[in-house]
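Enquirer: sequence plus the predicted model coming up.
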Amino acid sequence: MKKDKLIIVGSVGIDTIETPSERHESILGGSASYACAAASFFTDVGMVGVVGTDFPEAYRDVYRHFKIDVEGLQTAEGETFRWSGVYEDNMDHRRTLSTDLNIFASFAPELPASYQQSPYLFLANISPDLQLYVLDQMEELDFVVADTMDLWIDTARETLKQVIGRVDMLTLNESEAKHLTEKNSLIQAGQELLNQGPQYILIKKGEHGSLLLSQEGIFLIPAYPIEVVQDPTGAGDSYAGGLMGMIASEGNDHQTAIRRAILYGSVVASFGVEQFSLDALQQITLEDIQDRAKHFWRMIEIDD
Ligand code: AMP
């Protein structure tokens, strides 16, 4: 493993989540938290984000557990970003109940000098303005992935397009891909996004797997089947974090490496949804991920 450092910028939040059976208040969340934890199994990770002075020390301990470099995590006077959401009966529909930007509203991510020469960058879900601000500070990028969400498609479409034009891979879910391109066919949506610059478009379909589109064609992967999904929050972030962690450790110079990274990303995400917050990820090791990846592979391969 070559272990190049991976830089991840995104939200750090305190979430309140309701599912049909449970309610968890003020738990650690945010796109950067999930993505950094997931990537940390494979490579060194530097986090870029902001928290308020109310951010609990116990949550910093979680970052220590994953050995995440938090030099790029600013602490600002005020309250941490807070988000709450509720999952409907079948867990595949989520409603946002509240979003309190708090210190996020005035956040300008300044990258420590030690981050700026990293070859790998994941722009997790955060406003496209901030994604561009971070991109501009990086010096020698090899592979950049960006994630986004409906909110930015609605409120910052033009800036988002600039981000898309500067990344190697865009990840988004099925409805976001359709919304962004105004196409009903995922193939047409993917093709239109490929034409905007990225080499790869990764379209996620939740428990139904995902679709990687590139000029070389389409790669399909199911989601690893989980018997009881406790909390799907952050699944997309752990997927992309795991994927980027693998790319930072194994390279991105051929399709096989990208496909392997996708398989590992979906395996890490499958662990994440088994419990709330980062609880499940805190209980596993790289070996557990590798074992599940082998098991997953056996589920989808066909012997000659
Ligand atoms: P996901 O399930 O992939 O949508 O990610 C959920 C995480 O995103 C939660 O932990 C939230 O704290 C965070 N989040 C929710 N809304 C936003 C937003 N507008 N910007 C950045 N992060 C957000």
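Expert: Alright, I've got the coordinates.
Enquirer: the lengthiest helix in the chain packs against which elements?
Expert: Once the chain is assigned using DSSP state H, the helix that runs over the most residues is helix 255-272. Using 3 or more C-beta pairs under 8 Å, 6 or more residues apart in numbering; DSSP states H and E as the contact definition, the elements that helix 255-272 packs against are helix 31-39, strand 210-214, strand 217-221, helix 235-250, helix 279-282, helix 286-300. (Glycine included, C-beta is placed from N, CA and C.)
Enquirer: so which of the ones you listed is the most surrounded?
Expert: Among the helices and strands packed on helix 255-272, the stretch with the highest mean neighbour count (mean count of other C-beta atoms under 10 Å) is helix 31-39, at a mean of 32.
Enquirer: need the next SSE after that helix, C-terminal direction.
Expert: Past helix 31-39, further along toward the C-terminus, the next helix or strand under DSSP states H and E is strand 45-52.
Enquirer: could I have the CA atoms of that next one written out in CSV?
Expert: In CSV, the C-alpha atoms belonging to strand 45-52 read as follows (Å, rounded to 0.1, in the frame of the first residue of the first chain):
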residue,chain,number,x,y,z
VAL,A,45,-6.8,11.2,6.0
GLY,A,46,-6.8,15.0,6.6
MET,A,47,-10.2,16.5,7.4
VAL,A,48,-11.3,20.0,6.4
GLY,A,49,-14.3,21.4,8.1
VAL,A,50,-15.6,23.6,11.0
VAL,A,51,-17.1,23.0,14.4
GLY,A,52,-18.4,25.3,17.0
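Enquirer: tell me the strands beside it, with direction?
Expert: For strand 45-52, the paired strands and their directions (DSSP bridges) read strand 6-9 (parallel), strand 69-76 (parallel).
Enquirer: how about the next helix or strand after it and the ligand, touching?
Expert: Past strand 45-52, heading to the C-terminal end, the next element that is a helix or strand (DSSP H and E) is helix 57-65. No. Legend: contact between helix 57-65 and the ligand by C-beta under 6 Å from any ligand atom is lacking; minimum distance shown is 12.1 Å.
Enquirer: list the contacts of helix 57-65.
Expert: Contacts to helix 57-65, defined as C-beta atoms under 8 Å, 6 or more residues apart in numbering, come from residues Ile14, Leu28, Ser33, Cys36, Ala37, Met47, Val70, Leu73, Leu278, Gln282.
Enquirer: state the mean pLDDT of that helix.
Expert: For helix 57-65, the mean per-residue pLDDT is 98.
Enquirer: now do that helix and strand 45-52, the angle between them.
Expert: Comparing the axes of helix 57-65 and strand 45-52 via axes from the mean of the first three to the mean of the last three C-alpha atoms, to 10 degrees yields an angle of 170 degrees.
Enquirer: coming back round to it: hmm, the longest helix of the chain touching the ligand?
Expert: No. Residues of helix 255-272 contacting the ligand under C-beta under 6 Å from any ligand atom: none, with a closest distance of 9.5 Å.
Enquirer: so how far is that helix off the chain centroid?
Expert: Between the centre of helix 255-272 and the centre of its chain there are 12 Å (C-alpha atoms, centre = their mean, to the nearest Å).
Enquirer: in that helix, what counts as buried?
Expert: Buried residues in helix 255-272, counted by 16 or more other C-beta atoms under 10 Å: 258, 260-272.
Enquirer: so which of the helices and strands packed on helix 255-272 gets nearest Val229?
Expert: Each of the helices and strands packed on helix 255-272 has some distance to Val229 by C-beta to C-beta; the shortest is helix 235-250, at 8.7 Å.
Enquirer: can you pull the contacts of Asn173?
Expert: Ile203, Lys204, Lys205, Gly206, Gly236.
Enquirer: repeat for Pro232
Expert: Pro232 sits next to Tyr87, Met91, Asp92, Arg94, Gly206, Val273 when contact means C-beta under 8 Å, 6+ apart.
Enquirer: thanks again, I'm all set now.
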